[in-house]
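Peer 1: Turn this into a model:
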Amino acid sequence: MKRHVEGLVRQALSAAIEAGELRVPEAPAFAVEVPSDPRFGDLSTNAALVLARAEGRPPHAIARLLVGRLEAAAPAGWLQGPPEVAGPGFINFRLAPAFWQRMLADALASGDAYGRSTTGAGRRAQVEFVSANPTGPLTVGHGRNAVIGDTLARLLAADGWQVEREYYFNNAGRQMKVLAESVRARYLELIGRAADFPEDGYQGEYIRDIARGLVERHGAALAADDGTAFRAAAEQSIFAAIRATQERLGITFDRYFEEDSLYRSGAIQRTLDALEARGLIERREGAVWLRGAAVGLAQDRVLVKSSGEPAYRLADIAYHLDKLARGFDAMIGVFGADHIAEHQEVAAALRALGVDAARVRAVIYQFVTLTRHGEQVKMSTRRAEYVTLDELLDEVGVDAARFFFLMRKSDSHLEFDLDLAKQQSTDNPVFHVQYAHARIASVLRQAAEAGVALVPAPDLSPLGEPEVEVVRAVASWPDVVETAARDLEPHRIAFHALDLAGAFHRYYNRQRILTEDRTSTQARLALVRAVQQVLRGALGLAGVTAPERM
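Peer 2: Here you go, the predicted structure:
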C-alpha cells in the first residue's frame, strides 16, 4: 500500500525538480506512514518537511507546491479529493474506492506469495535463539525466546533472506561441572552412599531421573567416576528433552554450535591474543581484564578469572568472531533482559577489534509472568522454582502459546493469562484470528454448495466504503511484513492478524456475502478470499495453524 503512494510522491518530486520548482538535484529520502489518527487520512508523507532545510523555504510552501504535482501524478480515481497540508507540513492522502480495489486485485493476483518480497535477496542472515544452558528443562521464559527467534527467522525468509537458525550449546564452563556434581550426588544417594549435594547444585526431579537411569544401566559401577559419566549422561538427557520441547513448538535448527568447540579449536586463546595485541586487556589480581576505557565501557570486565577459568564474555566474543568469519550479512541474537550488559560488552569488544560489528544485532526480550484467575502462578506442580515450557504447552496448546508470546513487543513485559489462552471464544486472541479464517472457509463452502463458482479476476467495482476498513488491512500486509523484518519486531504479525480478524468479523456481521446479485457476490467473495489469504500468511509466520473448521 505504501509503495504506491511512495511512487506518487517520487513522481511529484521528480516533476517539480525537472520544472525548476525545487533546487535539490534529486528526490531525498522521505517516509510514507499511516497516521495515528484516521482523521488525518489514510496515508501521510513528510516529504515537504525533509526538503525544507535544503530548499530554504517553509515546509508548508513546499507542501502546497507538491499537492498539485501529486494530483497530476495520481491515476484517475485513486484520490478522494486533493491531498491536504496539515500540521507543520505533512501531506495527507485520502484514498478512493478505486485505489482500494486496485490493492485488492494485486493481493488476489499474488496468491499465497502476497506479503513476501525480495528485499533481502542475495543476503544471508543467521538467527541465534533459545541457546538455553543444557542444565535443565526449557522454561516459559525460554519459550518466549524460542517463538520470537523462530518468527524472526520466518519473517526474514519471507523478506527474501537466506536464513540459518543456530543454537549456541553452552556445554563448557563451571555450570557443566556443577551439573555433573548434582547428578553424581543423587546417584550416590540412590545406591546408598554418602553424598554432599553441591551448595549451588541443580535441583529438580529431572536430576534424580538422570541418576536413576544411570543406576538402572550401571548399578554401583560409577561410584568412583570422576564426573565424566555423570556430565555426559546429564548433557545427553537434558538436551534431548530440550530438542523434543522445541519440536513440539515446530522449531528446528540448522546448526547446533558447541561452546566447547571454541576451546578445542583454540579460538578462545586466539581471541585473547587478538585483544592483547590491540592493548585492550590488563592483567591484575591474578585475572585478565578487558579494559573498559579502551573499548568504550564504564568499567573493566573480567575475561579470565584468577582461577584460570575464562569468563563467559570471552567465549561470547570468540563465538561472535566465528559468526562474522562465516560471512553472514546479518547476525541476530535473541537474549533475555538479563543479558543486556553482556551484549553491550561483546559488541564493544568487537568494535575495538576492528570487525564489522554493525552486522550483529540483538533482540532483547522481557520476562513472562503467568496468571491464573487473576493471580500470578509462582510454582510448577512438579518443580519448586519454575514452570516448564512443556507444562505450559500441555495446558494451553502450541497455537495459543506461540500466539500469546507474540502479543507484546519483545522489550515489554508479557503477562500470559492462562485462563484466556484456554477460552474457546473470540475473547481469546488466537481463537479470534483462527475463527475468522475458519469462518471464511465456511463461507466459501457455502458458495460452492450454492453453485457459485469463484472467478479468478472478478469485477471489484461493487466494493465501496463498507469494505474499506477490511481492504485497508489486507493492503497494508506487505508493509507490515517488511517493517517487522527490517525492525526485528515479530509482534507486528500478531497485531496485524488481530486487526484484520476484527475488521472482518465486523464486516461479516454487517454485510451478507452471498446475495442475489452475482456481481456483488463475486466481489465480496474475492474480498473474503483475500482476507483468508492474509490471515493464513500471518498465522504461518507466527507458526500457528489456520483451521478450516472450528
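
Peer 1: switch to C-alpha atoms for all contacts and neighbour counts from now on
Peer 2: Fine.

Peer 1: Please enumerate the helices of the stretch 51-200 of the chain.
Peer 2: In the stretch 51-200 of the chain, the segments counted as helices under DSSP state H, counting those that start in this stretch are 59-73, 97-110, 140-158, 174-190.

Peer 1: got the ones you listed as JSON lines, with mean pLDDT, mean neighbour count and distance to residue 338 columns?
Peer 2: Shown next, in JSON lines, are the helices of the stretch 51-200 of the chain (pLDDT from 0 to 100; neighbours: other C-alpha atoms under 10 Å; distance: least, C-alpha to C-alpha, whole Å):
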{"stretch": "helix 59-73", "mean pLDDT": "94", "mean neighbour count": "19", "distance to residue 338": "45"}
{"stretch": "helix 97-110", "mean pLDDT": "95", "mean neighbour count": "20", "distance to residue 338": "42"}
{"stretch": "helix 140-158", "mean pLDDT": "97", "mean neighbour count": "25", "distance to residue 338": "12"}
{"stretch": "helix 174-190", "mean pLDDT": "92", "mean neighbour count": "22", "distance to residue 338": "17"}
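
Peer 1: Distance to residue 121 for these - can I get that in CSV?
Peer 2: Below are the helices of the stretch 51-200 of the chain laid out as CSV (distance: least, C-alpha to C-alpha, whole Å):
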stretch, distance to residue 121
helix 59-73, 30
helix 97-110, 18
helix 140-158, 9
helix 174-190, 41
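
Peer 1: among those helices, which is nearest residue 238?
Peer 2: When the helices of the stretch 51-200 of the chain are compared by C-alpha to C-alpha, helix 174-190 sits nearest residue 238, at 10.6 Å.

Peer 1: circling back: out of the helices of the stretch 51-200 of the chain, which comes closest to residue 475?
Peer 2: Using C-alpha to C-alpha, these put helix 97-110 closest to residue 475, at 5.7 Å.

Peer 1: Kindly format the C-alpha coordinates of that closest one as PDB.
Peer 2: The C-alpha trace of helix 97-110 is given here as PDB (Å, rounded to 0.1, in the frame of the first residue of the first chain):
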ATOM      1  CA  PRO A  97     -12.500   3.100  -3.600                       C
ATOM      2  CA  ALA A  98     -10.800   2.700  -6.900                       C
ATOM      3  CA  PHE A  99      -7.400   2.700  -5.100                       C
ATOM      4  CA  TRP A 100      -8.600   0.000  -2.600                       C
ATOM      5  CA  GLN A 101     -10.000  -2.100  -5.400                       C
ATOM      6  CA  ARG A 102      -6.600  -2.000  -7.100                       C
ATOM      7  CA  MET A 103      -4.900  -3.100  -3.900                       C
ATOM      8  CA  LEU A 104      -7.300  -6.000  -3.500                       C
ATOM      9  CA  ALA A 105      -6.800  -7.100  -7.100                       C
ATOM     10  CA  ASP A 106      -3.000  -7.000  -6.500                       C
ATOM     11  CA  ALA A 107      -3.400  -9.200  -3.400                       C
ATOM     12  CA  LEU A 108      -5.500 -11.700  -5.200                       C
ATOM     13  CA  ALA A 109      -3.200 -11.900  -8.100                       C
ATOM     14  CA  SER A 110      -0.200 -12.600  -5.800                       C
END
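
Peer 1: hang on, the earlier thing: out of the helices of the stretch 51-200 of the chain, which is closest to residue 545?
Peer 2: Judged by C-alpha to C-alpha, the one of the helices of the stretch 51-200 of the chain that comes nearest to residue 545 is helix 140-158, at 13.7 Å.

Peer 1: so what does the closest one touch, helix or strand wise?
Peer 2: In terms of contacts (3 or more C-alpha pairs under 8 Å, 6 or more residues apart in numbering; DSSP states H and E), helix 140-158 is packed against strand 124-128, strand 162-169, strand 330-336, strand 368-372, helix 389-396, helix 398-405, helix 477-487, helix 518-542.

Peer 1: what about the stretch 451-550 of the chain, any weak spots by pLDDT?
Peer 2: For the stretch 451-550 of the chain, not a single residue meets the criterion pLDDT under 70.

Peer 1: An error on my part: the question was meant for the chain.
Peer 2: 379-385.

Peer 1: any idea how far the closest residue to residue 46 other than its chain neighbours lies from residue 207?
Peer 2: With sequence-adjacent residues excluded and distances taken as C-alpha to C-alpha, 6 or more residues apart in numbering, residue 46 is closest to residue 90, at 5.1 Å. In this view, residue 90 and residue 207 are 63 Å apart by C-alpha to C-alpha, to the nearest Å.

Peer 1: What of residue 321?
Peer 2: Counting by C-alpha to C-alpha, the gap from residue 321 to residue 207 is 35 Å.

Peer 1: which of the two has more neighbours?
Peer 2: residue 207 (24 against 18; other C-alpha atoms under 10 Å).

Peer 1: Relative to residue 431, how far out is residue 499?
Peer 2: From residue 499 to residue 431 the distance is 13 Å (C-alpha to C-alpha).

Peer 1: residue ranges for the helices of the stretch 251-400 of the chain, please.
Peer 2: Using DSSP H, counting those that start in this stretch, helices in the stretch 251-400 of the chain cover 260-264, 267-277, 292-295, 312-325, 340-352, 389-396, 398-405.

Peer 1: still on that earlier bit, tabulate the helices and strands packed on helix 140-158 (CSV), appending mean neighbour count and distance to residue 305.
Peer 2: As requested, the helices and strands packed on helix 140-158 are arranged in CSV below (neighbours: other C-alpha atoms under 10 Å; distance: least, C-alpha to C-alpha, whole Å):
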stretch, mean neighbour count, distance to residue 305
strand 124-128, 22, 27
strand 162-169, 19, 22
strand 330-336, 21, 24
strand 368-372, 16, 33
helix 389-396, 18, 34
helix 398-405, 23, 37
helix 477-487, 19, 37
helix 518-542, 23, 42
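
Peer 1: For my notes, please list the ones you listed in CSV and give distance to residue 346 for each entry.
Peer 2: Below are the helices and strands packed on helix 140-158 laid out as CSV (distance: least, C-alpha to C-alpha, whole Å):
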stretch, distance to residue 346
strand 124-128, 15
strand 162-169, 15
strand 330-336, 12
strand 368-372, 26
helix 389-396, 29
helix 398-405, 27
helix 477-487, 21
helix 518-542, 30
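
Peer 1: Out of those, which is closest to residue 256?
Peer 2: Among the helices and strands packed on helix 140-158, strand 162-169 comes nearest to residue 256, with 4.8 Å by C-alpha to C-alpha.

Peer 1: In the sheet, which strands lie alongside the closest one, parallel or antiparallel?
Peer 2: As defined by DSSP bridges, the strand partners of strand 162-169 come to strand 124-128 (parallel), strand 255-258 (parallel).

Peer 1: Output it as CSV, nothing but the C-alphas.
Peer 2: Extracted in CSV, the C-alpha atoms of strand 162-169 (Å, rounded to 0.1, in the frame of the first residue of the first chain):
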residue,chain,number,x,y,z
GLN,A,162,18.6,-16.9,3.2
VAL,A,163,18.2,-17.8,6.8
GLU,A,164,20.1,-20.1,9.1
ARG,A,165,18.8,-20.9,12.6
GLU,A,166,21.5,-21.6,15.2
TYR,A,167,21.5,-22.8,18.8
TYR,A,168,24.6,-21.9,20.9
PHE,A,169,25.1,-25.0,23.0
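
Peer 1: contacts for it?
Peer 2: The contact list for strand 162-169 (C-alpha atoms under 8 Å, 6 or more residues apart in numbering) reads 120-134, 150, 153, 156-157, 252-259.
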